[in-house]
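> Turn this into a model:
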Amino acid sequence: MGSSSKNIEQAQEFSYLEWMSLQSQRIPELKQLLAQRRSHGDEDNDSKLRELTGKIIGDFKNYAAKRADLAHRCSSNYYAPTWNSPLENALIWMGGCRPSSFFRLVYALCGSQTEIRVTQFLRNIDGYESS
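From the prediction side, this is the model:
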């Protein structure tokens with residue numbers, strides 16, 4: 001089990017480094033397009049900016065999908081990646097990125113009905129009641 005956990009950690013780290021590499025390639029291009037737009041008032045850059053923004057968002061979606069897939073196999077690394085230093089992990093937690101924050105976000109997005117539905121599910125009231 002330790003070996004597979006180590007492989008998952010390596011895959012997560014590789015996925016992160018791959019995403020950061022893509023970011024380091026795309027950010028200078030984004031800055032250049034934004035500078036051209038500001039200095040020349042060039043509205044023709046809008047399509048290029050949209051395309052580049054779409055690529056950047058796509059890169060993040062791919063990274064998030066890989067990370068989510070790997071999190072199913074080893075969830076502890078999702079909240080505190082092993083490639084982060086202890087200081088980085090502490091700053092993530094102090095900055096408010098805790099597992100409970102994700103639950104609060106889901107609750108806020110879904111509204112108060114979430115609590116009712118969870119309660120119904122836990123009590124097997126949703127048509128699954130045994131009596």
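
> and the longest helix out of those in the chain, average pLDDT?
Assignment by DSSP state H gives helix 2-40 as the longest helix of the chain. On average, the pLDDT along helix 2-40 is 83.

> Then stretch 69-86?
On average, stretch 69-86 scores 71.

> Start and end of it, how far apart?
End-to-end span of stretch 69-86 (CA to CA, to the nearest Å): 24 Å.

> by contact count, what packs against the longest helix of the chain?
Other elements packing on helix 2-40 under the criterion 3 or more CB pairs under 8 Å, 6 or more residues apart in numbering; DSSP states H and E are helix 45-71, helix 76-79. Glycine gets a C-beta too; all of them are placed from N, C-alpha and C.

> Columns mean neighbour count and distance to residue 29 on top of those helices, output as CSV?
Below are the helices and strands packed on helix 2-40 laid out as CSV (neighbours: other CB atoms under 10 Å; distance: least, CB to CB, whole Å):
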stretch, mean neighbour count, distance to residue 29
helix 45-71, 14, 6
helix 76-79, 15, 30
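
> What residue spans form the domains of the chain?
What the TED database lists as the domains of the chain is 1-97, 98-130.

> circling back to that earlier point, ranking the helices and strands packed on helix 2-40 by mean pLDDT, which is last?
Mean pLDDT is lowest for helix 76-79 out of the helices and strands packed on helix 2-40, coming in at a mean of 64.

> Skip ahead from it and say which helix or strand is next.
Sequence-wise, the next helix or strand downstream of helix 76-79 (DSSP states H and E) is helix 86-94.

> Would you mark the buried spots in that next one?
Within helix 86-94, no residue counts as buried by 16 or more other CB atoms under 10 Å.
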